[in-house]
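[1] Attaching a predicted model along with its sequence, questions to come.
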Amino acid sequence: MNLVSARNQISRVVNFKRKKRLRTYTYTPYIFIAPTLAFIAVLILYPVIYAFVISFFNWHLLKQVRPFVWLGNYADIFRDRVFWISLKNTVYFVVVYVAFATLFGLALAVLAQRMVPHLRILVRSVCFIPVIAPLVATSMIWIWLYEPKYGILNYFLKFISLGPYRWLISPKSAMNSVIISTLWKSVGFNMAIFVAGLLSIPKMYYDAAKIDGASPIKSFLYITLPMLRDVIVFVLVVGIIGSFRVFTQTYIMTQGGPGTATKTIVLEIYFRAFRYFRMGNASAMAFILFGIILLVTVIQLKVFGKRNI
Amino acid sequence: MRSHRRYFEILLWIVGLALIVIMLFPFVWMISVSIKPLSEVRSIPPRLLPKEFTIKPYIDAFFRYKFGRFLLNSTVVAVAVTCIGLFTSSLAGFGFAKYSFRGRDYLFLMVLSVLMIPFHVVIIPLYMMMKAFGWIDTYWALIIPGCLVNTFGAYFMRQFILNIPTDLMEAARIDGCSEFGIYFKIILPLCKAALATLGVFIFMWTWDAFIWPLIVVSRESMRTLPVGLSILHDGYAYKWNILMAGATIAFIPMLIVFLIAQKYIIRGVALTGMKY
């Protein structure tokens, strides 16, 4: 007699108790999920609708008159040169950053796995320290490392007769400098995911390949890469979705400058909403960003299939 | 073949040590700058160890530039969000995992799809709501929207609770345990590892949060560490020793959390790829 039927029998015997039991059974789960659903309703669903409505108004925070402009905000944004520049910068950041973060993450994970145990554990932990450090703090550190005249980076580069570079000061190198510091900050995150992926590959595949005389490079190409396919897709998707929202680094390090060289979309949304109080325009831009992220996600799922995401 | 392997091993050591230096050097430099007097910060050539060691930047940052207060604010907010987040997430995860009720699958699908919505879409209306509630410059504005992490938390806890055998619940029910009793006495103790992982992540996310506190806080006494650091940089961009002392103050608690909970953090990343 299993537990479920035991329970039924007991309930049948104690009839009034069963009724009570059934009643609690029906609405207790709703009580359990109620706080989370309430948070979602009040802090996401309602605001999303609100933001969508605002995006059709010329909604200035400090003005009482807020005329309905239909698609005017969207039309303005698509005619806006600064929007296209910030979109271009964001896409550049996403492509370059995600490509290198995935590549380095994988390479470092594979190399770390082949190190002697003590070194391996040390390397993995140390690479994760920048990941847990507050982004504002690390951005601040890198501003000072990048400082053209007194910064230590240019000082080191002088020894191998390079530089001095202008890093964040020059429009040409500013975005790349932001990308380098972000790579340093978060490559350990990808590395941790890849290490977990590598550990899940059965060792016997490699042993079999070794017996067949495959070189390490071949076993990487024909065992590791195919087995890590899902992990790689996952890292790419998470990386792309996350880095479309880049804000803190560009806000702290450059404020979008010099000129418009590091203006990114979220930074532009922030400026429009909370510096110039153009809430309608900023909301419309937020929805355009949302649309772009959705589109990219859908394309990725179509291309790579939706296993394990 | 043998010598090949030897070279490869040496190469691995070089790569490993270089990585450690690259990853740690910026932090070493941060601390090095933060214990120099301002006159030495811009010395050429730069020196790692100051000629004149001082902890004045820390004292200045802590008292004069209110980083003590910011540290308190960050701690209060992060602890509150973590507690509320853990409680509501585990409750919802339990409800979704162990009960069948009308609309469950649709509601769970909604929780999942809400995860796709970028925070920046709702940031403007949320700001207006906080203004309407009169919550600007209060802990409420920092804590309550932060609790949105429980959408992810509910999903995370559900996956974990699904693996707990239902027989345990049935047995407890026969013994006359209430449904809340099952949650407190059976589910929670069995979820300790998952709760620890989730808790550490919520704590670190909240500690790191920047754009939202930047928006809802304007009074100096309500700033969190990241906002305080950013505004100090706007005002005193030349005082690098104090800025670096502030960065160190913001970093040390995270480092301590990492050193204590490293196991949970790495496992959490590996299991779910939680975006940090």
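    In hand now; what should we look at? Numbers count the residues shown, from 1 in each chain, chains lettered A, B, ... in the order given.
[2] check which helix or strand covers the spatially most central residue of chain B.
    Ranked by distance to the mean C-alpha position of chain B (Cα atoms, centre = their mean), the top residue is residue B:204 at 1.1 Å. Using DSSP states H and E, residue B:204 falls within helix B:192-208.
[3] Say whether chain A is contacted by that helix.
    Yes: legend: contact between helix B:192-208 and chain A by Cβ under 8 Å from any Cβ of the partner chain is shown at B:204, B:207, B:208. For every residue, glycine as well, the C-beta is placed using N, CA and C.
[4] now what about that helix, what contacts it?
    A:132, A:134-136, B:74, B:77-79, B:81-82, B:85-86, B:89-90, B:146, B:149, B:153, B:156-157, B:160, B:188, B:225-226, B:250, B:253-254, B:257, B:261, B:264-265, B:267-268, B:271, B:274, B:276 (Cβ atoms under 8 Å, 6 or more residues apart in numbering or on different chains).
[5] Now, of those, which are buried?
    The neighbour-count criterion (16 or more other Cβ atoms under 10 Å in any protein chain shown) marks A:132, A:134-136, B:74, B:77-78, B:81-82, B:85-86, B:89-90, B:146, B:149, B:153, B:156-157, B:160, B:188, B:225-226, B:250, B:253-254, B:257, B:261, B:264-265, B:267-268, B:274, B:276 among the contacts of helix B:192-208 as buried.
[6] Okay, buried residues for stretch B:201-214 please.
    Neighbour-count burial for stretch B:201-214 [16+ other Cβ under 10 Å]: B:201-214.
[7] So what's the model's average confidence on whichever helix or strand comes after the helix holding residue B:204?
    Using DSSP H and E, the next helix or strand after helix B:192-208 towards the C-terminus is helix B:211-216. For helix B:211-216, mean pLDDT rounds to 94.
[8] Alpha carbons of helix B:211-216, as PDB, please.
    This file holds the C-alpha atoms of helix B:211-216, laid out as PDB (Å, rounded to 0.1, in the frame of the first residue of the first chain):
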ATOM      1  CA  ILE B 211      21.200  52.400 -12.800                       C
ATOM      2  CA  TRP B 212      18.200  52.000 -10.500                       C
ATOM      3  CA  PRO B 213      19.800  53.500  -7.300                       C
ATOM      4  CA  LEU B 214      21.300  56.200  -9.500                       C
ATOM      5  CA  ILE B 215      17.800  57.200 -10.600                       C
ATOM      6  CA  VAL B 216      15.800  57.000  -7.400                       C
END
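[9] Low-confidence bits of the chain, can you list those?
    No chain specified, so I'll use chain A. A:1-25, A:305-309 (pLDDT under 70).
[10] try chain B instead
    In chain B, residues with pLDDT under 70: B:1-2, B:272-276.
[11] got the residues of the stretch 201-309 of chain A near chain B?
    By the rule Cβ under 8 Å from any Cβ, the part of the stretch 201-309 of chain A lying against chain B is A:234-235, A:238, A:242, A:244-245, A:247-248, A:251-252, A:266, A:269-270, A:273-274, A:279, A:282-283, A:286-287, A:289-290, A:293-294, A:297.
[12] which SS state does the residue in the stretch 51-200 of chain A that chain B sits nearest to fall under?
    Nearest residue of the stretch 51-200 of chain A to chain B (Cβ to the nearest Cβ) works out as residue A:196 at 3.2 Å. Classification of residue A:196 by DSSP: H, G, I helix; E, B strand; the rest coil places it in helix.
[13] Buried by neighbour count, from the residues of the stretch 201-309 of chain A next to chain B: which ones?
    A:234-235, A:238, A:242, A:244-245, A:247-248, A:251-252, A:266, A:269-270, A:273-274, A:279, A:282-283, A:286-287, A:289-290, A:293, A:297.
[14] For the helix or strand encompassing residue B:142, enumerate the helices and strands it packs against.
    Assigning secondary structure by DSSP H and E places residue B:142 in helix B:139-143. Judged by 3 or more Cβ pairs under 8 Å, 6 or more residues apart in numbering or on different chains; DSSP states H and E, the packing partners of helix B:139-143 are helix B:67-98, helix B:119-133, helix B:211-216.
[15] want to throw those into CSV with distance to residue B:177?
    CSV is the format used below for the helices and strands packed on helix B:139-143 (distance: least, Cβ to Cβ, whole Å):
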stretch, distance to residue B:177
helix B:67-98, 13
helix B:119-133, 39
helix B:211-216, 40
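[16] ok, whatever residue of the stretch 1-150 of chain B ends up closest to chain A - how many residues close by?
    In the stretch 1-150 of chain B, the residue that lies nearest chain A is residue B:95 (3.2 Å; Cβ to the nearest Cβ). For residue B:95, the count of nearby residues is 28 (other Cβ atoms under 10 Å in any protein chain shown).
[17] Likewise for residue A:263?
    Neighbour tally, residue A:263, other Cβ under 10 Å: 23.
[18] residues contacting it?
    Contact analysis of residue A:263 by Cβ under 8 Å, 6+ apart lists A:82, A:85, A:86, A:89, A:250, A:256.
[19] just residue B:247 next, same as before
    A:134, A:136, A:137, A:138, A:140, A:141, B:30, B:34, B:229.
[20] swap in residue A:158?
    Counting by Cβ under 8 Å, 6+ apart, residue A:158 has contacts residue A:164.
[21] helix or strand for it, which one?
    Residue A:158 belongs to helix A:152-159, assigned by DSSP H and E.
[22] ok, now which ones touch residue A:172?
    Per Cβ under 8 Å, 6+ apart, neighbours of residue A:172: residue A:261.
[23] which one of the residues of helix B:192-208 next to chain A sits closest to chain A?
    residue B:208 (5.0 Å).
[24] any idea how far residue B:77 is from that closest one?
    12 Å (Cβ to Cβ, to the nearest Å).
[25] And residue A:249, by the same measure?
    Residue A:249 is 22 Å from residue B:77, by Cβ to Cβ.
[26] What of residue A:300?
    Taken as Cβ to Cβ, the span from residue A:300 to residue B:77 is 34 Å.
[27] got it, and residue A:243?
    26 Å.
[28] ditto for residue A:273
    22 Å.
[29] give me phi/psi at residue A:57?
    Here is the backbone geometry of residue A:57 (degrees, to the nearest 10): phi -120, psi 150.
[30] which residues in the stretch 151-300 of chain A form helices?
    A:152-159, A:171-199, A:203-211, A:216-219, A:225-227, A:229-243, A:248-253, A:265-274, A:279-304 (DSSP state H, counting those that start in this stretch).
[31] Quick one: residues in contact with stretch A:55-75.
    A:277, A:278, A:279, A:280, A:281, A:283, A:284, A:286, A:287, A:288.
[32] List the buried residues of that stretch.
    Applying 16+ other Cβ under 10 Å to stretch A:55-75 flags A:55, A:56, A:57, A:58, A:59, A:61, A:69, A:72, A:73, A:74 as buried.
[33] burial of the residue nearest to residue A:185 when sequence neighbours are not counted, as a residue count?
    Of all residues not flanking residue A:185 in the chain, residue A:130 sits nearest, at 4.8 Å (Cβ to Cβ, 6 or more residues apart in numbering or on different chains). Here the number of neighbours of residue A:130 (other Cβ under 10 Å) works out to 24.
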